[in-house]
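In: Build me a structure from this.
(3 chains)
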Amino acid sequence: MAPQKRRTAFPKVLIESDTDSEQSSSEEEEEEQEVDPPSEEENENKDKIEDSNDAKKKGKATITISLKKVCKVCKKAGHEAGFKGATYIDCPMKPCFLCKMPGHTTMTCPHRVTTEHGVIPAPHKNIQNPVEFIFERQLRPGITSIKPPYVIPDQVNCAAIRYHSRRVTCLEFHPTNNHILLSGDKKGQLGVWDFAKVHEKTVYGNIHSCILNNMRFSPANDGTIYAASSDGTISCTDLETGISSSLINLNPDGWQGPASWRMLYGMDINSEKSVVLVADNFGFLYLVDARSNSQTGKAIMIHKKGSKVVGLHCNPFQPDLLLSCGNDHFARLWDMRRLEAGSSLCNLEHRRVVNSAYFSPLSGCKILTTSQDNRLRIWDSIFGNLDSPSREIVHSHDFNRHLTPFRAEWDPKDPSESLAVIGRYISENYNGTALHPIDFIDINTGQLVAEVMDPNITTITPVNKLHPRDDVLASGSSRSLFIWRPKEKYDDAERLDMRKIVVFGGDEKKHGKKSRDEYDDDDSDDEKFNFKGKNVKAKKSKKETTPYCRKAKR
DNA sequence: ACTGGATGTTACC
DNA sequence: TGGTAACCCTCCAG
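Out: Numbers count the residues shown, from 1 in each chain, chains lettered A, B, ... in the order given. Below you'll find the predicted structure:
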């Protein structure tokens, strides 16, 4: 850094305090703004250094520090945005934080989550192509339209745990063992937790060196998990032994700068073809043969060049159909037999980045997407008209760079394929506490079926997964994991005392200097890694098993 | 009970 | 088209 000259004489400091305006009525204050724009200008610039002409002549500057209260959102005086107790007051100068439309705030938004979400109904579609006709005649009857009553896991009465040292990024239930939950975090750690025996967990710490973005169980072996990471590798880990190998490593030469560092985001497995599909941050799809552990063919550009492909999903019913989504504002439908750049069957347009796109879990006929424009979109039939979504549901799940992106997930048990779960970004004031519920939404009507929360969980819960067989919800909120079950099925005695949240060792505050790597909440998801390239073919993961309760959280 | 810092995406030039 | 400032409900440590 260039050496700086010290001023010989300290400049005159003028402090504009807020006292004047507080003494005057608010009406006066507003008037003052209107008739005297320069003063507003001054208010806008807190700590502004202003050289007066007089001072300039003498070679001294006058520092004007404005202590007048300004809105932290728009920097204008006369109002303030932020929490008043547990209620957040929006800045009236900005468009609605929920639906993004100007003219009102979240409080008065017609889509505000109170009893139901805003639904924008489908444009009337009366064009029926032959495929759609056949679908309606032959396949639709297979999907029950009779909705069984929803069972909502709405109480943390089983287990809560914290062993991740970074925010949770993904969750996966074991395909056969009902009590095993796998979790990945921003640091790349993989947790295996038996939530029936609350204290039993294993954390694999050296499989990946940064964000574990997605994971899937091997369809051939339920003791094996595949994971895609921003370190550019796909790992294949044996859950019993912790032995892990890399299927591919897209950064064999290590860190050569952000322009070349490839990160893996979307991942899924096509069990029919025994192919692991992954996609990277530059728009490319890679196919890896799960038997030979080798890449088949070349990488295919499936999204806009240079854009992240954050989600991949193979159709559960029709294995040749692939769904992808990413930062180019599109979800795209592909035929696996004809995969090449620009050959998508369909492009589902969104107004902003698409966080996730999933086929419905049973029939695979519907598509549910989550976009950064605060809308869930439902396409009712992949055989029908996909030019526009059948419905848009306004829901608060905005991007915040410090959070794992929200993804609406289907309930895999719901035979009517109408229930979805997604965490909510904006809070509500519940008895004086600002809480961020987990929303259960009927995607046919847009109605909010349930909002699930616990007064002890004040953090946002962007990661949620419903159990494939049991009435269980697993959620990841910041660094913690929670297991929810239906209140109605358990009496209060079984309710978990949230003070007994289990926090395992290795996460406890250390005294003295902490290394940057250890504690900074560095969300350096993409560019600023400091790791050397690793190209490990097979390695034994370090097992950190700490079977004791370390601390009771308030 | 504060405050600072980490840093992805977008809008704008 | 590339570079960069701005950015609304975080979260945790100090």
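
In: Please determine how far residue A:89 is located from DNA strand C.
Out: Going from residue A:89 to DNA strand C by Cβ to the nearest atom of the strand, to the nearest Å gives 8 Å. (Each C-beta comes from the backbone N, C-alpha and C, glycine too.)

In: That residue pairs with what?
Out: Residue A:89 has these beta-bridge partners by DSSP bridges: residue A:82.

In: for residue A:226, same thing?
Out: According to DSSP bridges, the residues that bridge with residue A:226 are residue A:216, residue A:236.

In: That one: neighbour count?
Out: Residue A:226 has 21 neighbouring residues, counting by other Cβ atoms under 10 Å.

In: ditto for residue A:274
Out: 15.

In: go on, residue A:218?
Out: 19.

In: if you skip the residues just before and after it, what's nearest to residue A:90?
Out: Among residues not flanking residue A:90 along the chain, residue A:105 sits closest, at 3.7 Å (Cβ to Cβ, 6 or more residues apart in numbering).

In: OK, contacts around that neighbour?
Out: Applying Cβ atoms under 8 Å, 6 or more residues apart in numbering to residue A:105 gives the contacts A:89-92, A:96-97.

In: mind checking how far it is from residue A:91?
Out: 8 Å (Cβ to Cβ, to the nearest Å).

In: Let me have the contacts of residue A:105 in a markdown table, extended by pLDDT and neighbour count.
Out: Formatted as a markdown table, the contacts of residue A:105 follow (pLDDT from 0 to 100; neighbours: other Cβ atoms under 10 Å):
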| residue | pLDDT | neighbour count |
| --- | --- | --- |
| A:89 | 89 | 17 |
| A:90 | 88 | 22 |
| A:91 | 87 | 18 |
| A:92 | 87 | 16 |
| A:96 | 89 | 21 |
| A:97 | 89 | 20 |
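
In: Using TSV, lay out these together with distance to DNA strand B.
Out: Listed next are these as TSV, based on distance: Cβ to the nearest atom of the strand, whole Å:
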residue	distance to DNA strand B
A:89	16
A:90	18
A:91	16
A:92	19
A:96	15
A:97	15
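
In: Check those residues and tell me the two furthest apart.
Out: The distance between the two most remote of these (Cβ to Cβ) is 13.0 Å, for A:89 and A:96.

In: ok, now which ones touch the residue lying closest to residue A:83 once chain neighbours are set aside?
Out: Excluding the flanking residues, the one nearest residue A:83 by Cβ to Cβ, 6+ apart is residue A:434, at 6.7 Å. Residue A:434 is in contact with A:83, A:86-88, A:427-428, A:458, counting by Cβ under 8 Å, 6+ apart.

In: Out of these, flag the one nearest to DNA strand B.
Out: residue A:83 (9.9 Å; Cβ to the nearest atom of the strand).

In: count of neighbours near that closest one?
Out: Residue A:83 has 11 neighbouring residues, counting by other Cβ under 10 Å.

In: Need the pLDDT of residue A:258.
Out: With respect to pLDDT, residue A:258 has a value of 81.

In: Closest one to residue A:204 out of the contacts of residue A:105, please.
Out: Comparing those against residue A:204 with Cβ to Cβ places residue A:97 closest, at 38.7 Å.

In: how many other residues sit next to the nearest residue to the closest one once chain neighbours are set aside?
Out: In space, and not counting its chain neighbours, residue A:97 is closest to residue A:106: 4.8 Å by Cβ to Cβ, 6+ apart. Number of residues near residue A:106 (other Cβ under 10 Å) recorded here: 17.

In: hang on, isn't residue A:106 packed against residue A:91?
Out: No. Taking contacts as Cβ atoms under 8 Å, residue A:106 lies outside contact range of residue A:91: 10.2 Å.

In: Just the pLDDT at the residue nearest to residue A:90, thanks.
Out: 87.

In: So which bits of the stretch 251-400 of chain A are right by DNA strand C?
Out: residue A:400 (Cβ under 7 Å from any atom of the strand).

In: interface residues of the stretch 251-400 of chain A facing DNA strand B?
Out: Applying Cβ under 7 Å from any atom of the strand, one finds that the stretch 251-400 of chain A approaches DNA strand B through A:308, A:327, A:352-353, A:372, A:399.

In: circling back to that earlier point, for the residue nearest to residue A:90, give its distance to residue A:351.
Out: If you measure residue A:105 against residue A:351 using Cβ to Cβ, the figure is 20 Å.
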